[in-house]
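Enquirer: pasting the sequence and the predicted coordinates here, then a few questions.
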Amino acid sequence: MLLGLSTGNAIGLGLIAAAFVAFSLLCALVVPKRWPQFPGERGLRWFIVVTVLLCIGTLAAVEVFAKEAEEETAQAETTATTSTEATSTGTTTTGTTTNAAQPPAPAQGDSAAGKQLYAAQGCGGCHAFEAAGSNGAIGPNLDEALQGKDAEFVHESIVDPNKDIASGYQPNIMPANFEQTLTPEQIDDLVAFLTKPS
């Protein structure tokens, strides 16, 4: 934990811990040899008060000094989301950027070629898909299963169909070898058709 603290906080925590350890060693090893009756009736009250104060002080120091890492992390995250941009007038404004999802990149393939490939590969025998005029029922209805999905999801569903299986369907129903039997361009065409059918 000390390695994650600033030098000042590490020194402060170290000094308080050293004071507590020194007090403990003195009370256990040095004082009993010189004053065998220590703390005695008169000194017992002071001994208890000092011991309790040192315990509370040590615990409080850990709470105070160890919080620095959390606060610096939160501050770093806040600073990372704040960017300075120059406006068209040359003045500088500070704006907060968000990590909102960017719109998905459009599919790179040819949708018309993808429609032909969909028919040639027999996809319609298993899937219902209105744009292809297919009504297969072995696999999920693509109009529903792909609604709101981006090109990356569709591509992954073709090359690794067991990674994200539609609810109500078992694994290994769809062939998992399209990455070997189709060229990357053909897969792109199929993705383009499934994401924005012509």
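Expert: Yep, it's here. Numbering: from 1, shown residues only.
Enquirer: how about the helices in this protein?
Expert: Taking DSSP state H as the criterion, the chain carries its helices at 7-25, 31-34, 40-66, 68-81, 111-120, 142-145, 151-159, 178-181, 184-195.
Enquirer: domains in this structure, by residue range?
Expert: Following automatic domain parsing, one finds the domains of the chain at 2-71, 111-195.
Enquirer: which stretch in these is the model least sure about?
Expert: Note on the domains of the chain: domain 2-71 shows the lowest mean pLDDT, a mean of 76.
Enquirer: ok so, going back, most tightly surrounded among the domains of the chain?
Expert: domain 111-195 (a mean of 16; mean count of other CB atoms under 10 Å). Glycine gets a C-beta too; all of them are placed from N, C-alpha and C.
Enquirer: for stretch 119-132, measure first residue to last.
Expert: 8 Å (CA to CA, to the nearest Å).
Enquirer: let me fix that, I meant to ask about stretch 18-32.
Expert: End-to-end distance of stretch 18-32: 20 Å, with CA to CA as the criterion.
Enquirer: for it, the distance to its chain's centre please.
Expert: Chain-centre distance of stretch 18-32: 46 Å, with CA atoms, centre = their mean, to the nearest Å.
Enquirer: swap in stretch 19-33?
Expert: The chain centroid and the centroid of stretch 19-33 are separated by 48 Å, computed with CA atoms, centre = their mean.
Enquirer: one more: stretch 139-151?
Expert: Mean-position distance between stretch 139-151 and its chain equals 26 Å (CA atoms, centre = their mean).
Enquirer: and the residue nearest to residue 185 when sequence neighbours are not counted, backbone torsions?
Expert: Using CB to CB, 6 or more residues apart in numbering and skipping residues adjacent in sequence, the residue nearest residue 185 is residue 109, 6.8 Å away. Main-chain dihedrals, residue 109, degrees, to the nearest 10: phi -80, psi -180.
Enquirer: quick one: contacts for residue 109?
Expert: Shown in contact with residue 109 (CB atoms under 8 Å, 6 or more residues apart in numbering): 185-193.
Enquirer: span of stretch 31-49 from start to end?
Expert: With CA to CA as the measure, stretch 31-49 spans 17 Å from end to end.
Enquirer: any chance of the helices of the chain in TSV, plus distance to residue 130?
Expert: Below are those laid out as TSV (distance: least, CB to CB, whole Å):
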stretch	distance to residue 130
helix 7-25	64
helix 31-34	89
helix 40-66	60
helix 68-81	42
helix 111-120	12
helix 142-145	5
helix 151-159	16
helix 178-181	22
helix 184-195	12
